[in-house]
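Asker: pasting the sequence and the predicted model now:
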Amino acid sequence: MLKQACLFCKIVGALAIIGALNWGLVGLLNVNVVERIFGEMTTVTRVIYGLVGLSGIALLVSYFTVCPACKKS
Ligand SMILES: [Zn+2]
């Protein structure tokens, strides 16, 4: 799905993967990579969390509709 995806789909997918990996590391190892790099609840950290959330919404929407940029679901 992501191999022939457009740039928008790739960015959304990458953000979702970053969020999933970070959350997985928090659960498994109690290590929050995003907060370790950018600080606990700093503006940058919050922007990253926000973008991860938005990519989640975009992926949710993509279950029901095709991507407007590449026309692939
Ligand atoms: Zn696309």
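Answerer: Received it, and whenever you're ready, just let me know what you need.

Asker: which residues of this protein fall in helices?
Answerer: Counting by DSSP state H, the chain has helices at residues 7-29, 33-38, 43-62.

Asker: can you say which of those helices is nearest to Ala69?
Answerer: Closest approach to Ala69 among the helices of the chain is made by helix 7-29 (4.5 Å; Cβ to Cβ). Glycine gets a C-beta too; all of them are placed from N, C-alpha and C.

Asker: the inter-axis angle of the closest one versus helix 43-62?
Answerer: Calculated by axes from the mean of the first three to the mean of the last three Cα atoms, to 10 degrees, helix 7-29 forms an angle of 110 degrees with helix 43-62.

Asker: count the residues that sit near Leu60.
Answerer: By other Cβ atoms under 10 Å, the residues close to Leu60 number 9.

Asker: please begin residue numbering at 41 from this point
Answerer: That works, and once the first residue is 41, the last one we named lands at Leu100.

Asker: contacting residues around Gly93?
Answerer: Neighbouring residues of Gly93 by Cβ atoms under 8 Å, 6 or more residues apart in numbering: Gly59.

Asker: now it: how far from Gln44?
Answerer: From Gly93 across to Gln44, the span is 26 Å (Cβ to Cβ, to the nearest Å).

Asker: one step back: how about the helices of the chain, which one is nearest the ion?
Answerer: helix 47-69 (3.5 Å; Cβ to the ion).

Asker: including mean pLDDT and distance to the ion, could the helices of the chain go into JSON lines?
Answerer: Listed next are these as JSON lines, based on pLDDT from 0 to 100; distance: least, Cβ to the ion, whole Å:
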{"stretch": "helix 47-69", "mean pLDDT": "94", "distance to the ion": "3"}
{"stretch": "helix 73-78", "mean pLDDT": "96", "distance to the ion": "25"}
{"stretch": "helix 83-102", "mean pLDDT": "95", "distance to the ion": "8"}
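
Asker: before I go, just wanted to say thanks for your time.
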